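Enquirer: give me coordinates for this.
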Amino acid sequence: MATRAGSRRSQQERTRATTDALISAARELFVEHGFAATSLGAICDRAGVTRGAFYHHFSNKEQIFREVYTVEQKELAAVVRRAFRTRRDPWDGMFAGCEALLEASLEPATRRITLVEAPGALDWNAMRDVQAGCREQMRSGLAIAVEAGCIPARPLAPLTSLLYGAICESALDIARAEDQDTALRDTLTQLGLLLAGAAGRSAPGCAHQD
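Expert: Numbering: from 1, shown residues only. As a prediction, the model looks like this:
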């Protein structure tokens, strides 16, 4: 019994190791050469596996790109979560999270995967599905801010769409800007004004709310 359990764990570990190697290799190549110019053969060679092993885990290049994109989105969500938790005021945490997301999106490899390659490699519905976790995280942050009294109670679904859409579009604009530092700085200034207006504040912090 213990032998069979150990064998299952060993098989699971080998499967996970192969999958991780393929995802890591694919990410490196997508960053270096882009989605269109990366072949399945190159991914297999970089990962040190056969094509048969690739097709055992993934159906095609689009599927492995989606997995790479999913990993990037999870890592961005973790960055946002950490930034949110550094602030005692949830509304200040919202700003910190958005700021962290915009800054992290400009890291060269992340930028290439999420902002340059993803729109061409995945269709709109696929991107929306992968981004659902990040959208839900923003909705949860808004709910916490409402509960804390930092912003008035209001329908969260449209507010989430408005803010999340604005952040995503801003990330694209900043990534395409000739002067990314200036674009980021200007965007954060306007974001601060936008969030202050949504909360009915003139300055951040619950203590300043009327």
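Enquirer: what about this protein, any weak spots by pLDDT?
Expert: Per-residue confidence of the chain (counting by pLDDT under 70) places the weak regions at 1-9, 201-210.
Enquirer: and T110, how many neighbours?
Expert: 18 (other CB atoms under 10 Å). Just so you know, the C-beta spots here come from the backbone N, C-alpha and C atoms, and that holds for glycine as well.
Enquirer: then A157?
Expert: By other CB under 10 Å, 10 other residues sit near A157.
Enquirer: residue nearest the middle of the chain, spatially speaking?
Expert: Geometric centre of the chain, nearest residue: Q73, 2.6 Å, by CA atoms, centre = their mean.
Enquirer: for whatever helix or strand it lives in, name the packing helices and strands.
Expert: Assigning secondary structure by DSSP states H and E places Q73 in helix 61-85. In this structure, helix 61-85 packs against helix 2-33, helix 40-47, helix 90-105, helix 108-111, helix 118-121, helix 124-147, with contacts taken as 3 or more CB pairs under 8 Å, 6 or more residues apart in numbering; DSSP states H and E.
Enquirer: go ahead and confirm the residue nearest to the centre of the chain touches Q131.
Expert: Yes: taking contacts as CB atoms under 8 Å, Q73 lies within contact range of Q131: 6.2 Å.
Enquirer: contacting residues around the helix holding Q73?
Expert: Residues from elsewhere that reach helix 61-85 (CB atoms under 8 Å, 6 or more residues apart in numbering): 22-23, 26-27, 30, 35, 38-40, 43, 54, 58, 90, 93-94, 96-101, 104-105, 110, 113-114, 117-118, 121-122, 126-127, 130-131, 133-134, 137, 141.
Enquirer: also stretch 29-43?
Expert: Outside of stretch 29-43, the residues within contact range by CB under 8 Å, 6+ apart are 22, 25-26, 46, 51, 54, 60-61, 64-65, 68, 108-109, 112-113, 116-117, 120-121.
Enquirer: ok, now with 10 Å
Expert: Stretch 29-43 is touched from outside by 21-28, 45-47, 49, 51, 54-55, 58, 60-62, 64-65, 68-69, 108-113, 116-118, 120-122, with contacts defined as CB atoms under 10 Å, 6 or more residues apart in numbering.
Enquirer: in that stretch, what counts as buried?
Expert: Taking 16 or more other CB atoms under 10 Å as the neighbour-count basis, stretch 29-43 is seen to contain the buried residues L29, F30, V31, F35, T38, L40, A42, I43.
Enquirer: just give me the closest of these to L191.
Expert: Ranked by distance to L191 (CB to CB), these are led by V31 at 27.6 Å.
Enquirer: coming back round to it: okay, the helices and strands packed on helix 61-85 in a markdown table with distance to F84 next?
Expert: Rendered in a markdown table, the data for the helices and strands packed on helix 61-85 read as follows (distance: least, CB to CB, whole Å):
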| stretch | distance to F84 |
| --- | --- |
| helix 2-33 | 26 |
| helix 40-47 | 35 |
| helix 90-105 | 4 |
| helix 108-111 | 19 |
| helix 118-121 | 24 |
| helix 124-147 | 6 |
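Enquirer: neighbours around P119, how many?
Expert: By the other CB under 10 Å criterion, the neighbourhood of P119 contains 12 residues.
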